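**Q** What follows is a predicted protein model with its sequence.
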Amino acid sequence: MNETRTFGDRVWLVLKGLAMGAANKVPGVSGGMVAFVAGFYEEFIYSLQKVNGKAFKLLINGRFKSCWTYINGRFLGLLILGMVISYFSVSKLLDYFLIHYELYVWSVFFGMIIGSIYYVAKDFGDWSRKYLAYLVFGIIVGIGISFLEPAQENDNLLFVFLCGIIGVSGMTLPGLSGSFILILLGNYVLLLVDSVNAMYDTIAAILHGDFSFTKNAVQMDLLKVLVVFTAGSLTGLVSLSHFLGYFLKRYKKATFAVIIGFITGSLGVVWPWKNKEFDFDPSGNIMLDANGQEIISGYKRFFPMEFSLDTFLAIFFIILGIFIILSLVWYQHLKTQKND
């Protein structure tokens, strides 16, 4: 844990938080993978572990500075700041590119995951039969999750709370996409689109001095859903970090082998060449969400059979994604040499 950070380090941490928040909103991509590749995954997990009974006791006793230091508050605070900013900026930009340049966005993410596999595996050491078995287990689970059929939307508040606990897994488990899990649970649109848009509308109305939204039952229900989902996410973030911290301390190589498997298995989710499959209503029309967007139920993957301009550009963006990750590796290497 390092509380003495330069201004540049602090800005870099906020940018890492931006990347984590944006990545966790994209189905198939994991915020935890960003933490892993950027080299602060273990510090992130161990800092979250410090949000425990001792921290709560320090807070109750008014020892705020001690509590802040104990939980590595500056590190967590800057990361969370970046994540919050991403929901108001980068994630919206990603939504735009996913709508207008979907093939190229998936290609970049596909390349980044390939680069991530190299990054995580390069310093693993000896691959014994035991660790290969853990690797295969992670790959099988990752692939299996990617081919599950999505459930139907459910706004029951207890289920929404559970969605928060499960959906935040992408922040702590590299290769396991929280947003993709929400798609499988049937609540991606409800929790990451409709409720977030309801929050935007509410903030905009308050800024204009308009409080008529309090009489809008649908908007108030969505805000309630967002609050419960956020509470579940915070609960999951802390509880999963304790679970992962335990395994990282006692079974570090085995845990890393499973994580590498998860990341490898997730390649199927972000395969660039795929056609959308939609939800249909009883009349045979494509169902739309609250924003008029078509509701996607899944994807049908295929391999490009002709070398068109789109195919060439997709391959270019895959290489670009790999280069982005490798540039992070080189940056970290140079930073380590400079510190030495």
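**A** Yes, it's here.
**Q** Can you report the mean pLDDT over the residues of stretch 124-132?
**A** When the per-residue pLDDT values of stretch 124-132 are averaged, the result is 87.
**Q** mind checking the end-to-end distance for it?
**A** End-to-end distance for stretch 124-132, by CA to CA, to the nearest Å: 12 Å.
**Q** Which parts of the stretch 1-150 of the chain are helices?
**A** In the stretch 1-150 of the chain, the helices defined using DSSP state H, counting those that start in this stretch lie at 7-25, 31-37, 41-49, 53-60, 64-70, 73-88, 90-100, 102-121, 129-146.
**Q** And the third one, what does it pack against?
**A** Helices and strands touching helix 41-49, by 3 or more CB pairs under 8 Å, 6 or more residues apart in numbering; DSSP states H and E, are helix 31-37, helix 73-88, helix 169-172, helix 217-250. In this view, the C-beta of every residue, glycine as well, is placed from N, C-alpha and C.
**Q** Make a markdown table out of those and add distance to residue 48 and mean pLDDT.
**A** Written out in a markdown table, the entries for the helices and strands packed on helix 41-49 read as follows (distance: least, CB to CB, whole Å; pLDDT from 0 to 100):
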| stretch | distance to residue 48 | mean pLDDT |
| --- | --- | --- |
| helix 31-37 | 11 | 76 |
| helix 73-88 | 7 | 84 |
| helix 169-172 | 8 | 75 |
| helix 217-250 | 3 | 86 |
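**Q** Adding mean neighbour count and distance to residue 190, write those out as a markdown table.
**A** Shown next, in a markdown table, are those (neighbours: other CB atoms under 10 Å; distance: least, CB to CB, whole Å):
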| stretch | mean neighbour count | distance to residue 190 |
| --- | --- | --- |
| helix 31-37 | 27 | 20 |
| helix 73-88 | 19 | 16 |
| helix 169-172 | 26 | 17 |
| helix 217-250 | 17 | 7 |
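**Q** Show me the one of the ones you listed that comes nearest residue 306.
**A** When these are compared for distance to residue 306 using CB to CB, the nearest one is helix 31-37, at 31.7 Å.
**Q** Next, give phi and psi for the nearest residue to residue 152 once chain neighbours are set aside.
**A** Leaving out its chain neighbours, the residue that sits closest to residue 152 by CB to CB, 6 or more residues apart in numbering is residue 186, at 4.8 Å. Note on residue 186: backbone dihedrals following degrees, to the nearest 10 are phi 90, psi 10.
**Q** count of neighbours near residue 186?
**A** The burial metric for residue 186, expressed as a neighbour count using other CB atoms under 10 Å, is 18.
**Q** In which helix or strand does residue 275 reside?
**A** strand 274-278 (DSSP states H and E).
**Q** That strand pairs with which strands, parallel or anti?
**A** In the sheet containing strand 274-278, its partner strands are strand 296-301 (antiparallel), by DSSP bridges.
**Q** Report the mean per-residue pLDDT for the partner strand.
**A** Predicted confidence along strand 296-301 averages 68 (mean pLDDT).
**Q** quick one on the thing from earlier: for the helices and strands packed on helix 41-49, which one sits closest to residue 158?
**A** Relative to residue 158, the nearest member of the helices and strands packed on helix 41-49 by CB to CB is helix 217-250, separated by 8.5 Å.
**Q** Tell me how far the closest one lies from the chain's centre.
**A** Relative to its chain's centre, helix 217-250 lies at 13 Å (CA atoms, centre = their mean, to the nearest Å).
**Q** After it, which helix or strand is next?
**A** The C-terminal neighbour of helix 217-250 among helices and strands, as given by DSSP H and E, is helix 252-265.
**Q** related to what we said a few turns ago, now tabulate the helices of the stretch 1-150 of the chain in CSV and tack on distance to residue 322.
**A** What follows is the helices of the stretch 1-150 of the chain, written out as CSV (distance: least, CB to CB, whole Å):
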stretch, distance to residue 322
helix 7-25, 16
helix 31-37, 12
helix 41-49, 20
helix 53-60, 40
helix 64-70, 39
helix 73-88, 23
helix 90-100, 19
helix 102-121, 4
helix 129-146, 19
